[in-house]
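*Asks:* sequence first, predicted model second:
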Amino acid sequence: MGNILLKGILSGEKINDILIKGNRIEQIRDNIILTPEQEKEYRVLDCSGKAAIPGFVNMHTHSAMTLTRGYKEDTVLQEWLQHIWAVEAKMDEEAIYWGTRLACLEMIKTGTTCFYDQYWMPQTAMEAVKEMGMRSVHAFVALNLKDESKNGAIMEGMEKMYSQSRSWGEMHRMSVGVHAPYTVSDNLIKWCTDFAREKSLTVHIHMSETEQENLDSIILNGCTPFEHLEKLDALGPETIAAHCVWLSENDMDIMAKYGVTAVHNVNSNLKLASGSRFKYNELKERGVRICLGTDGCGSSNNLDMREAMKTAALLQKGWRRDPLALPLNELLNIATANGAEAIGLDAGKIEEGKLADIAIIDIDNYAFVPNLDFLSNLVYSANSSCIESLICNGEMIMEKRMVKSEREIIENARRVCNKLYK
């Protein structure tokens with residue numbers, strides 16, 4: 001881990017120096033003077049014309065779906081899934097490896113330092129992320145399409161991955177993944193929940209993504225997906241629920257009661273026409289933790305959290321007809337601190353003692369003139385090319401827009417795609 005001193009960088013509303021020692025922020029001061037001995041140990045960067053924000057935490061994606069970007073556009077969710085699953089059936093470890101590295105490249109370029117992945121071959125994906133210097137959480141996906149005969153193999157795979165994950169190191173974590181209540185049998189959902197609680201793991205699950213999903217649940221189970229999981233005792237503070245677009249008042253009460261975290265995936269939900277009225281205010285008023293995710297490139301087409309922030313805010317303001325909806329400080333929190341908190345990561349804020357996961361923004365840029373409100377300019381005026389450098393765990397993983405092995409990653413991802421779409 002490197003020692004870095006960021007000199008004269010805008011942080012919040014003040015220009016400060018930020019001293020990074022090892023993998024943590026050690027000091028934030030007006031003017032930090034290094035001793036002659038420290039000067040030998042620290043890399044000093046002149047950050048005039050730069051700003052610091054926490055690295056984004058993308059709380060829901062399917063990383064190697066970068067390889068399905070642009071496939072079968074303008075298709076409804078259930079039909080789209082059939083096409084995607086056919087391509088995924090052809091994916092081998094090589095495809096997952098390069099697809100994940102391509103995802104990491106894109107996330108690094110757009111300011112993300114940590115992401116929550118729910119995809120196939122998580123051990124291979126983790127190894128790809130490790131190469132890129134990012135943090136990650138990998139969910140082992142339980143998906144039996146209600147066929148109980150598949151449970152044994154899924155349980156065995158989950159247990160094997162847990163054993164492997166013990167040696168992953170502090171940057172990478174395992175999670176239990178339940179695809180969705182409509183694709184996973186009740187018995188397997190209960191087993192997965194019990195396993196997660198026994199091993200102190202989080203559970204990642206798609207919930208109430210489409211209106212049809214809710215209607216089908218009411219017909220099949222006599223209740224909504226959240227009400228059904230409550231009956232199964234499958235909800236708790238370990239539950240990370242992606243989408244949550246179609247929620248009743250009781251659903252939101254249930255989420256608050258059990259400490260469920262909601263992940264808003266605005267671009268994916270809009271593109272697949274799954275729904276447009278995410279109940280941010282109603283969830284916030286109940287004390288539900290809300291995070292932000294991009295979903296996979298198959299449905300959102302990119303992994304750009306800054307863009308997701310903008311869309312989320314504009315949509316809340318638009319459908320509510322309220323310009324005060326989703327203000328900028330809350331918007332930054334759902335993209336950073338809330339996600340870090342949900343997975344127990346001591347990051348997501350530029351504060352002394354926090355892990356050094358920092359995006360450096362170039363504000364010597366037309367989009368920041370005048371810089372009357374930095375966050376407003378970042379979200380509403382700029383694009384992600386203003387993210388100049390990225391520090392993760394105290395290491396510079398992008399500097400001046402340059403990322404290690406970028407050309408190699410792109411060329412290998414293209415080669416793998418040529419095989420998938422023969």
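*Replies:* That came through, no problem.

*Asks:* please state the backbone phi and psi of the closest residue to residue 272 other than its chain neighbours?
*Replies:* In space, residue 272 comes closest to residue 77 once its chain neighbours are excluded; the distance is 4.8 Å by CB to CB, 6 or more residues apart in numbering. Where C-beta positions appear, they are placed from N, C-alpha and C, glycine not excepted. As for residue 77, its main-chain torsions (degrees, to the nearest 10) stand at phi -50, psi -50.

*Asks:* distance check, residue 77 against residue 269.
*Replies:* Going from residue 77 to residue 269 by CB to CB, to the nearest Å gives 10 Å.

*Asks:* which residues do the two both contact?
*Replies:* residue 209 (CB atoms under 8 Å, 6 or more residues apart in numbering).

*Asks:* the more surrounded of these two?
*Replies:* The residue with more neighbours, out of residue 77 and residue 269, is residue 269; 25 against 17, by other CB atoms under 10 Å.

*Asks:* show me the contacts for residue 168.
*Replies:* 126, 174.

*Asks:* quickly find the element holding it.
*Replies:* Assigned by DSSP states H and E, residue 168 belongs to no helix or strand.

*Asks:* likewise the one 5 residues further on?
*Replies:* Taking DSSP H and E as the criterion, the element that holds residue 173 is strand 172-178.

*Asks:* which helix or strand lies directly C-terminal to that strand?
*Replies:* Strand 172-178 is succeeded, C-terminally, by helix 186-199 (DSSP H and E).

*Asks:* could you give the angle of that following helix to strand 172-178?
*Replies:* 150 degrees (axes from the mean of the first three to the mean of the last three CA atoms, to 10 degrees).

*Asks:* give me the residue at the spatial middle of the chain.
*Replies:* Centroid check for the chain by CA atoms, centre = their mean gives residue 58 as the closest residue, at 1.6 Å.

*Asks:* how far away is residue 290 from residue 407?
*Replies:* 38 Å.

*Asks:* more neighbours: the two, which one.
*Replies:* More crowded of residue 290 and residue 407, by other CB under 10 Å: residue 290, with 23 against 8.

*Asks:* OK, contacts around that one?
*Replies:* Counted by CB under 8 Å, 6+ apart, residue 290 has contacts 261, 262, 263, 264, 280, 283, 284, 334, 338.

*Asks:* quick one: name whatever helix or strand follows the helix or strand in which the last one is found.
*Replies:* Secondary structure assignment for residue 338, by DSSP H and E: helix 337-342. Downstream of helix 337-342, the first helix or strand assigned by DSSP H and E is strand 358-362.

*Asks:* buried set for the following helix or strand past that next one?
*Replies:* Next helix or strand after strand 358-362 toward the C-terminus (DSSP H and E): helix 374-376. Buried residues in helix 374-376, defined by neighbour count with 16 or more other CB atoms under 10 Å: 374, 375.

*Asks:* about what we covered before: list the residues that contact the residue nearest to residue 272.
*Replies:* Applying CB under 8 Å, 6+ apart, the residues contacting residue 77 are 209, 210, 272, 273, 274.

*Asks:* between those residues, identify the one with the most neighbours.
*Replies:* Counting neighbours by other CB under 10 Å, residue 209 leads these with 25 neighbours.

*Asks:* okay, now residue 224: neighbour count?
*Replies:* Neighbours of residue 224 under the rule other CB under 10 Å: 23.

*Asks:* ditto for the one 4 residues further on
*Replies:* Burial of residue 228, expressed as a neighbour count using other CB under 10 Å, amounts to 20.

*Asks:* quick one: stretch 257-271 to chain centroid distance?
*Replies:* Between the mean C-alpha location of stretch 257-271 and the chain-wide mean there is a distance of 11 Å, by CA atoms, centre = their mean, to the nearest Å.

*Asks:* per-residue confidence averaged over that stretch?
*Replies:* Mean pLDDT, stretch 257-271: 97.

*Asks:* bridged to the residue lying closest to residue 154 once chain neighbours are set aside, which residues?
*Replies:* Among residues not flanking residue 154 along the chain, residue 142 sits closest, at 5.1 Å (CB to CB, 6+ apart). Beta-bridge pairing of residue 142 under DSSP bridges involves residue 178.

*Asks:* I'd guessed residue 142 sits against residue 190; true?
*Replies:* No - counting by CB atoms under 8 Å, residue 142 stays clear of residue 190, with 11.0 Å between them.

*Asks:* so those two - more neighbours on which side?
*Replies:* residue 142 (25 against 14).

*Asks:* and the gap between that one and residue 153?
*Replies:* Going from residue 142 to residue 153 by CB to CB gives 10 Å.

*Asks:* give me the buried positions along stretch 184-203.
*Replies:* 184-186, 188-189, 191-193, 195-196, 201-203.

*Asks:* ugh, typo on my part, it should be stretch 123-138
*Replies:* 123-129, 132-138.

*Asks:* so which of the residues you listed comes closest to residue 344?
*Replies:* For the buried residues of stretch 123-138, the closest approach to residue 344 (CB to CB) belongs to residue 137, at 9.9 Å.

*Asks:* so what's the closest residue to residue 42 other than its chain neighbours up against?
*Replies:* Spatial nearest neighbour of residue 42, chain neighbours left out: residue 3 (4.5 Å); criterion: CB to CB, 6+ apart. Applying CB under 8 Å, 6+ apart, we find residue 3 in contact with 20, 21, 22, 41, 42, 43, 394.

*Asks:* 6 Å - rerun?
*Replies:* Contacts for residue 3 (CB atoms under 6 Å, 6 or more residues apart in numbering) come out as 21, 41, 42.

*Asks:* name the nearest of those residues relative to residue 345.
*Replies:* Checking these against residue 345 by CB to CB gives residue 21 as the nearest, at 18.7 Å.

*Asks:* the closest one - nearest residue in space that isn't next to it in sequence?
*Replies:* Leaving aside its sequence neighbours, residue 21 sits nearest to residue 3 (CB to CB, 6+ apart; 5.4 Å).

*Asks:* got it, and residue 45?
*Replies:* residue 6 (5.5 Å).

*Asks:* next: residue 245.
*Replies:* Here the residue nearest residue 245, using CB to CB, 6+ apart, is residue 275, at 3.6 Å.

*Asks:* got phi/psi on residue 185?
*Replies:* phi -70, psi 160.

*Asks:* can you pull the contacts of it?
*Replies:* Applying CB under 6 Å, 6+ apart, the residues near residue 185 are 144, 146, 148.

*Asks:* compare those residues and tell me which has the most neighbours.
*Replies:* Neighbour-wise, those (other CB under 10 Å) top out at residue 144, 18 neighbours.

*Asks:* distance of that residue from residue 233?
*Replies:* The value you get for residue 144 to residue 233, if CB to CB is used, is 19 Å.
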